[in-house]
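Participant: need coordinates for the following:
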Amino acid sequence: MREPNQTRRLLRELAPYRRQLVLGLICLLIAGPAAIVPTLMWMVVVDYVLLGDRIHWLVPSLLIATAFYAVSAFFGAWRDRYFEFAGQAFIRDLRERLFSKLLRQTPGYINEQRSGDLQSRVISDVDAVESSLISGFSTMAQECYTFILVLGAIIWIAPLVGATVFVPLAICFFVVRHFNERMKAYYRAARNALGEVGARLQETVGGFAVIKGFNRQAYEQAHFTAATDDHYKKALKAVRLRTVIFPSIYSIAFSTNVIMLGLGALLVYKGHFTLGGLVVLRGFWWQLNSPVRTLAQVNDLIQRALAASARIYQVLDAPVAIEDKPDARTLQHARLPIQFDRVAFAYGAGGKVLDELNFLVKPGETIGLAGDSGAGKTTLLGLLARFQDPTGGTIRVGEEALTAVAEGSWRTHLAVVPQDTFLFNTSVFENIRFGRPDATDAAVYEAADLANASGFISRLPEGFKTVVGERGVKLSGGQRQRIGVARAFLANPDILLMDEPTSAVEPESEQIIQESIFALMKGRTVFLSSHRPSLLRQTDRVFYLEQGRIVESGPHDMLMTRNGPYAGMIRHWTELD
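Facilitator: Now for the predicted structure:
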């Protein structure tokens with residue numbers, strides 16, 4: 001039952017484009033009968049004009065045939081245009097739906113996917129569904145309608161069907177060659193625009209935690225929509241040219257038929273050629289044979305659409321782990337106590353990553369998170385950023401459970417400084433302003449100063465206008481991290497989450513970054529995961545985690561005097577450094 005249900009779902013996807021599809025079908029209904037009238041006129045010329053000795057009707061008969069063909073070509077071009085417009089709109093809208101769904105997912109969902117596979121679903125699979133569903137629908141409707149009309153006409157004319165072969169016309173080749181370069185340029189522009197759509201998606205997947213952490217889903221959605229609209233407009237240029245070229249070629253081919261029919265009629269009139277009915281049947285042969293061959297491909301088209309749509313629906317139907325409740329509260333500020341009440345977390349059916357976490361953090365308090373790899377530090381930060389919700393217990397902000405607070409509202413008051421700052425392939429200035437899009441230029445420059453980043457930025461080839469490359473590849477790890485700190489300064493959050501902010505930087509940059517981090521921490525509630533003693537001793541309290549539990553907590557100096565597991569870890573790290 002899966003395929004029939006999926007087929008019905010695919011057909012329902014066409015509902016928003018019913019206007020274009022209905023107009024295309026109306027053009028089809030007009031173009032179909034008009035297309036067979038010229039061939040029927042051959043019989044009129046042979047039987048009525050020639051054999052009936054009414055040669056004065058020859059030119060009017062040819063003009064009638066030409067007029068009907070013009071009607072057929074005109075409505076046929078609009079039929080193709082309406083179907084193509086529906087197809088391009090279908091591609092644009094379905095891609096935007098997929099992108100919007102991905103933005104609603106958690107970083108955990110994205111991390112479980114392959115970025116290239118997600119890109120393939122949004123780009124290639126959507127293309128495949130469009131070519132199979134829209135093009136297959138129009139082709140099937142057209143060929144079925146033509147087959148019925150031609151079969152009825154042949155039965156009406158004679159029971160015997162004769163067939164011959166048309167000779168391709170050289171002039172058609174030259175017409176195609178004349179327009180080929182322009183058509184190629186349009187297709188190239190459309191493919192390049194499609195590549196921009198893929199690049200935007202790939203950046204979004206790579207920087208997903210940053211986007212969610214700074215609550216920039218709407219910003220990214222707007223940019224993605226602009227990219228898909230650009231591809232849509234460039235693709236329509238190719239559509240417009242194609243719907244001019246094809247009718248021109250068909251018209252040239254038909255004018256040859258007019259000449260052949262006129263010359264053949266004259267030869268028959270002079271007694272050099274007979275059996276005019278054969279001429280009509282010859283004209284109908286290809287019109288009857290083409291639908292038979294085309295309709296044989298319908299099953300293949302359906303299978304392609306089903307295979308591609310199944311992959312698309314896996315993304316669209318994937319559950320969203322974090323959804324706002326209907327009565328979710330909007331926070332005016334987050335300068336509130338944060339409490340973990342028996343909080344636990346586990347990934348799927350696996351063991352608990354965090355278990356029985358109980359603590360209260362006052363507004364403006366700085367908390368260090370220490371422990372070996374896998375102890376649960378990053379997961380704890382993820383719960384605070386609400387990249388996932390606890391599987392047990394409750395996180396409270398003030399008197400409210402965190403799950404009762406609107407997701408976007410909560411992240412408005414957060415800034416995240418990850419281990420390796422993600423930079424977008426744009427200027428240094430725009431990467432900093434990502435933290436607060438409405439910030440003034442002066443505020444961006446001030447944030448760079450506070451992050452000790454203005455010095456190296458001024459030495460870049462174009463200063464703040466320097467494009468940093470994909471993922472910031474043109475900058476060093478320390479430079480990228482300083483831009484990340486500047487971004488957090490600009491966001492001016494109530495709560496700051498930092499996950500090993502100096503672990504991926506070069507030694508000569510670490511001291512500079514630490515100074516900017518200390519400045520950034522002032523006056524904010526901070527959760528800092530680090531293995532650097534120089535950072536941990538600047539916090540008010542340190543939580544030392546082992547296997548998802550807090551086994552020690554207190555100020556750095558006090559924990560060192562206890563000579564417990566935290567002190568042992570610090571000595572070990574100091575020896576390694």
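Participant: quick one: mean pLDDT for the helix or strand where Ser120 lies?
Facilitator: Assigned by DSSP states H and E, Ser120 belongs to helix 115-120. Helix 115-120 shows a mean pLDDT of 72.
Participant: ditto for stretch 382-402
Facilitator: 90.
Participant: ok, and for stretch 104-115, which residues are buried?
Facilitator: For stretch 104-115, a neighbour-count test (16 or more other C-beta atoms under 10 Å) marks 105-110 as buried. The way it works is simple: take the backbone N, C-alpha and C, and place the C-beta from them, glycine included.
Participant: who touches that stretch?
Facilitator: 102, 118, 202, 205-206, 208-209, 212, 217, 318, 320-322, 347, 382, 387-388 (C-beta atoms under 8 Å, 6 or more residues apart in numbering).
Participant: same thing but at 7 Å, please
Facilitator: Residues from elsewhere that reach stretch 104-115 (C-beta atoms under 7 Å, 6 or more residues apart in numbering): 202, 205-206, 208-209, 212, 318, 320-322, 387-388.
Participant: now stretch 567-577
Facilitator: With C-beta under 7 Å, 6+ apart as the test, stretch 567-577 has contacts from 370, 531, 533, 559-560.
Participant: could you list which of those belong to helices?
Facilitator: Among the contacts of stretch 567-577, the members falling in helices (DSSP state H) are 533, 559-560.
Participant: the strands in this structure, which residues?
Facilitator: 338-346, 352-361, 366-370, 392-397, 400-401, 414-417, 495-499, 525-529, 541-546, 549-554 (DSSP state E).
Participant: ok, which of the ones you listed comes nearest Ser248?
Facilitator: Among the strands of the chain, the nearest to Ser248 by C-beta to C-beta is strand 414-417 (57.9 Å).
Participant: for the closest one, packing partners?
Facilitator: Using 3 or more C-beta pairs under 7 Å, 6 or more residues apart in numbering; DSSP states H and E, the elements in contact with strand 414-417 are helix 208-213, helix 477-491, strand 495-499.
Participant: convert the C-alpha atoms of it to CSV, please.
Facilitator: Output of strand 414-417 as CSV, limited to C-alpha atoms (Å, rounded to 0.1, in the frame of the first residue of the first chain):
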residue,chain,number,x,y,z
LEU,A,414,22.4,33.1,24.6
ALA,A,415,25.8,33.2,22.8
VAL,A,416,27.8,30.1,21.9
VAL,A,417,31.5,30.1,21.5
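Participant: that strand pairs with which strands?
Facilitator: strand 495-499 (parallel) (DSSP bridges).
Participant: distance from the chain centre to the partner strand, please.
Facilitator: The chain centroid and the centroid of strand 495-499 are separated by 30 Å under C-alpha atoms, centre = their mean, to the nearest Å.
Participant: repeat that for stretch 42-59.
Facilitator: Counting by C-alpha atoms, centre = their mean, stretch 42-59 comes out at 60 Å from the chain centroid.
Participant: tell me the contacts of Tyr145?
Facilitator: Shown in contact with Tyr145 (C-beta under 7 Å, 6+ apart): 28, 32.
Participant: cutoff 8 Å now
Facilitator: 28-29, 32.
Participant: may I ask which helix or strand of this protein has the lowest mean pLDDT?
Facilitator: Lowest mean confidence among the helices and strands of the chain (mean pLDDT, DSSP states H and E): helix 276-295, at a mean of 60.
Participant: domains of this structure?
Facilitator: Residue ranges for the domains of the chain, per automatic domain parsing: 2-316, 414-492.
Participant: mean pLDDT lowest where, among these?
Facilitator: Comparing mean pLDDT over the domains of the chain, the weakest stretch is domain 2-316, at a mean of 73.
Participant: please tell me how far Arg549 sits from Trp573.
Facilitator: Distance, Arg549 to Trp573, by C-beta to C-beta, to the nearest Å: 21 Å.
Participant: so if I had to pick from these two, which one is more boxed in?
Facilitator: Comparing Arg549 with Trp573 by other C-beta atoms under 10 Å, the one with more neighbours is Arg549, at 18 against 15.
Participant: my guess is that one meets Asp355, correct?
Facilitator: Yes. Using C-beta atoms under 8 Å, Arg549 and Asp355 qualify as a contacting pair, with a distance of 5.6 Å.
Participant: how many residues are close by Ile457?
Facilitator: Number of residues near Ile457 (other C-beta under 10 Å) recorded here: 24.
Participant: so who does it touch?
Facilitator: When contacts are counted by C-beta under 8 Å, 6+ apart, Ile457 is found next to 428, 448, 463-464, 466.
Participant: cool, Val126 as well?
Facilitator: 91, 94-95, 98, 308, 312.
Participant: rewinding a little: for the helices and strands packed on strand 414-417, which one ends up most surrounded?
Facilitator: helix 477-491 (a mean of 25; mean count of other C-beta atoms under 10 Å).
Participant: name the helices or strands packed onto it?
Facilitator: Packing partners of helix 477-491 (3 or more C-beta pairs under 8 Å, 6 or more residues apart in numbering; DSSP states H and E): strand 414-417, helix 428-433, helix 441-450, helix 507-521.
Participant: perfect, that will be all.
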